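1. would you be able to build a 3D model of this:
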Amino acid sequence: MTYFPKLLTICILACILGATTFFYVKKSVYIFDTNYFKINSVSRAALKETGSKQCKNCSEGVPNLIIQYGVGRTATTLQFQILCLMMAFLHEDEINDVGCYYNRRNLVKKYNVIKCHDISWYLTVKWSKWVFMTSNHALLSRRLNYMRGKIKDKNTTIPFIADIDLVSRRGHYIVHEYQRFFGISDEKMQHIVEYLRYWDVLRVCCGMQMSADWRNHLAPKAKYKQHHSYHSPTYPACEMYNISQVEHLLVNTYVFKKLSHIGSLRDVIGKTSTVDGILNGSYCERCNTNISKMHLKFNQNCA
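-> Residues are numbered from 1 along each chain as shown. Okay, here's the model as predicted:
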């Protein structure tokens, strides 16, 4: 009958071991969830704090200076296009007083949209201003809070931070996030969305700053490492487009016909980047052909 105490001892030890394991597993999960929340709440907090609460009635008092700020390769050019379009349509009756520029310090227009990668100087300008930002997850967890604090110290509003993951999921439809800040009508938004639909394709598949994957498709390198797999939703898939036809569609949009000829806007509107030439229906075909033939690199003149 000695087996009974042994069995009881085994049961007690098993219960103790099970309880101990449960405690530490639960604690580990809690720690993981807490750390995960801390990391990801930066993004949520940034959007919440700089979103509709601060700018519920922004369209009633849009300042004359809009700054686009972000590090390279975080869709800064898309945000710059959007902000330029918003200001142009907001002040359509004074369109010649609107200017969109890259890193320009001489603010000669009444309404200015500036793109920069270093915001320090612009924070010293005495104009009332908004700063729109782009970011990525790494920047959100390291540098974003510092920059937001620096901007807020100058009593400057940050209406919106566009995270690259959100932009990747929504594409050019991210423009609808900006409508509430500028109070643009639905009718005008249709013109903006139509233009951006074609511009977004050309930005990736044409010009001096095209997708690295598409550039390598046109001019293959032996040791090139693909950035986006063929099955990824972010794969550019430029081979599916008739690029000249897309360009023709863009130059026939209301936005292009109305705004691309204006001197203070034409470095932005009607171009895939500030360093590219004006789109005219044949620019992309010539540019892509030259990249393919001459193996041109990023920002090298292609047309």
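2. neighbours of the residue lying closest to Cys206 once chain neighbours are set aside, how many?
-> Spatial nearest neighbour of Cys206, excluding adjacent residues (CB to CB, 6 or more residues apart in numbering): Cys284 at 3.7 Å. Any C-beta I mention is one placed from the backbone N, CA and C, and that applies to glycine too. Neighbourhood size, Cys284 [other CB atoms under 10 Å]: 28.
3. state the distance from the closest residue to Ala75 other than its chain neighbours to Asp200.
-> Excluding the flanking residues, the one nearest Ala75 by CB to CB, 6+ apart is Val167, at 4.6 Å. Remark: distance between Val167 and Asp200 (CB to CB, to the nearest Å) = 10 Å.
4. residues that sit against both of the two, list them.
-> Both Val167 and Asp200 are contacted by Leu78, under the criterion CB atoms under 8 Å, 6 or more residues apart in numbering.
5. my read is the residue nearest to Cys206 is in a helix, agree?
-> Yes - when classified by DSSP: H, G, I helix; E, B strand; the rest coil, Cys284 is found to be part of a helix.
6. now the residue nearest to Ala212 when sequence neighbours are not counted, what's its secondary structure?
-> Spatial nearest neighbour of Ala212, chain neighbours left out: His227 (5.8 Å); criterion: CB to CB, 6+ apart. Under three-state DSSP, His227 falls in the coil class.
7. is His227 in contact with Trp214, as I believe?
-> No - between His227 and Trp214 there is no contact, the gap being 10.2 Å when judged by CB atoms under 8 Å.
8. neighbour count: these two, which is higher?
-> Just comparing His227 and Trp214: by other CB under 10 Å the higher neighbour count belongs to Trp214, 20 against 13.
9. residues making contact with the strand or helix carrying that one?
-> Per DSSP states H and E, Trp214 falls inside helix 212-218. Contacts to helix 212-218, defined as CB under 8 Å, 6+ apart, come from residues 204-205, 224, 226-228, 235-236, 238-239, 288, 291-292, 298.
10. returning to that earlier point: so the residue nearest to Cys206 makes contact with Met208?
-> No - judged on CB under 8 Å, Cys284 makes no contact with Met208 at a distance of 11.3 Å.
11. the stretch 201-303 of the chain: strands as residue ranges?
-> Assigned by DSSP state E, counting those that start in this stretch, the stretch 201-303 of the chain shows no strands.
12. equivalent analysis for the stretch 51-200 of the chain, please.
-> Along the stretch 51-200 of the chain, counting by DSSP E, counting those that start in this stretch, strands occupy 65-69, 98-102, 111-116, 129-135, 161-163.
13. who does the third one pair up with?
-> What that stands for is strand 111-116. Paired neighbours of strand 111-116 in the sheet (DSSP bridges): strand 65-69 (parallel), strand 98-102 (parallel).
14. could you dump those to CSV with distance to Met147?
-> Below are the strands paired with strand 111-116 laid out as CSV (distance: least, CB to CB, whole Å):
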stretch, distance to Met147
strand 65-69, 8
strand 98-102, 19
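15. make CSV out of the ones you listed and add mean neighbour count.
-> Output for these, formatted as CSV (neighbours: other CB atoms under 10 Å):
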stretch, mean neighbour count
strand 65-69, 24
strand 98-102, 23
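16. I'd like the ones you listed as a markdown table, with mean pLDDT and distance to Cys84 appended.
-> Below are those laid out as a markdown table (pLDDT from 0 to 100; distance: least, CB to CB, whole Å):
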| stretch | mean pLDDT | distance to Cys84 |
| --- | --- | --- |
| strand 65-69 | 97 | 9 |
| strand 98-102 | 97 | 4 |
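17. and these: which comes nearest Phe256?
-> strand 98-102 (14.6 Å; CB to CB).
18. name the surrounding residues that touch the closest one.
-> Here strand 98-102 has contacts from 80, 83-84, 87-88, 91, 107-116, 262, 264-265, 267-269, 274, using CB under 8 Å, 6+ apart.
19. go again with 10 Å.
-> Residues outside strand 98-102 that contact it (CB atoms under 10 Å, 6 or more residues apart in numbering): 64, 66, 68, 76-77, 80-81, 83-85, 87-92, 106-117, 259, 262-269, 273-275.
20. chain center to it: distance?
-> A distance of 18 Å separates the centroid of the chain from that of strand 98-102, by CA atoms, centre = their mean, to the nearest Å.
21. swap in stretch 186-206?
-> 14 Å.
22. how about that stretch: buried residues?
-> Across stretch 186-206, burial judged by 16 or more other CB atoms under 10 Å covers 188-189, 191-206.
23. what's the answer for stretch 107-117, then?
-> Within stretch 107-117, the residues scored as buried using 16+ other CB under 10 Å are 107, 109, 111-116.
24. cheers, nothing more for now.
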